[in-house]
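Trainee: Output the structure for:
(one chain, ligands or ions: 1)
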Amino acid sequence: MNIILIGFMGSGKSTLGIRLSYRMKHPYIDTDKYIENKENKSIQNIFAEEGESEFRKKETETIRYFLDSRIKDHVIATGGGMPVTEENIPLLKRLGVVVWLKIRPETVLSRLEKDTQRPLLQGEDKESKVRTLMEFREPYYTRCADVVVEVDDKPVERIMDEVFTKSRGVWKRKKRMRYE
Ligand code: S3P
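Mentor: This is a model prediction of the structure:
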């Protein structure tokens, strides 16, 4: 079964995804990196040259491609906006156990204070950008998630343990429902 990590920018999806993949001995995929390699362009350039909506289409295409290729036993980290495209929610759920790394806005702000890579957080007043976007996205993350793990103030080892413990039951249930 695949593990899919969703959550706001800065929630630690990539860091945790890499650690999980080592521990489980499963390959790791980052959808942002996958898109960048495929397009031979950075996310920043995709946003700047083609716009956000084109990037969102590429995200959906990526998930559809993973489903069509029937990838199994992978750890997949997604971009923070992935579940906000409505059609991605059932696709992600079909792809595996969806784990939401839930983070408080204060933690995002302290982690991404100096970030220059994320197009949606550039410019004035990062704090209100983070708060507004997070509030808007919460219902999407809630609907998309099979499992929720709060990440603030927790060491990576503890987050990993929680991901495993909480995912196990869901995995069995999804298997019974023939998701896989
Ligand atoms: C985005 C999050 C980014 C990246 C893009 C858009 C978002 O990924 O996909 O900048 O809409 O939240 P991370 O969540 O890995 O930062």
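Trainee: what's the burial count for the residue nearest to E127 when sequence neighbours are not counted?
Mentor: On the basis of Cβ to Cβ, 6 or more residues apart in numbering, the spatially nearest residue to E127 that is not a chain neighbour turns out to be L109, at 5.9 Å. In short, each C-beta sits where N, CA and C put it, glycine included. Neighbour count of L109, defined by other Cβ atoms under 10 Å: 16.
Trainee: Secondary structure class of L109, three-state.
Mentor: helix (DSSP: H, G, I helix; E, B strand; the rest coil).
Trainee: Which positions in the chain make contact with the ligand?
Mentor: M9, K13, D32, I43, G79, G80, G81, R118, P119, L120 (Cβ under 6 Å from any ligand atom).
Trainee: Taking the residues you listed, please make a ChimeraX selection of just the buried ones.
Mentor: A single ChimeraX command selects the buried members of the residues of the chain next to the ligand (16 or more other Cβ atoms under 10 Å):
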select :9,13,32,43,79,80,81,118,119
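Trainee: among the residues of the chain next to the ligand, which two are most distant?
Mentor: Maximum pairwise distance in the residues of the chain next to the ligand, criterion Cβ to Cβ, is 17.2 Å, between K13 and P119.
Trainee: quick revisit: ok, the residue nearest to E127 touching V130?
Mentor: Yes - counting by Cβ atoms under 8 Å, V130 is a contact partner of L109 at 5.8 Å.
Trainee: between those two, what contacts are shared?
Mentor: Common neighbours of L109 and V130, using Cβ atoms under 8 Å, 6 or more residues apart in numbering, do not exist here.
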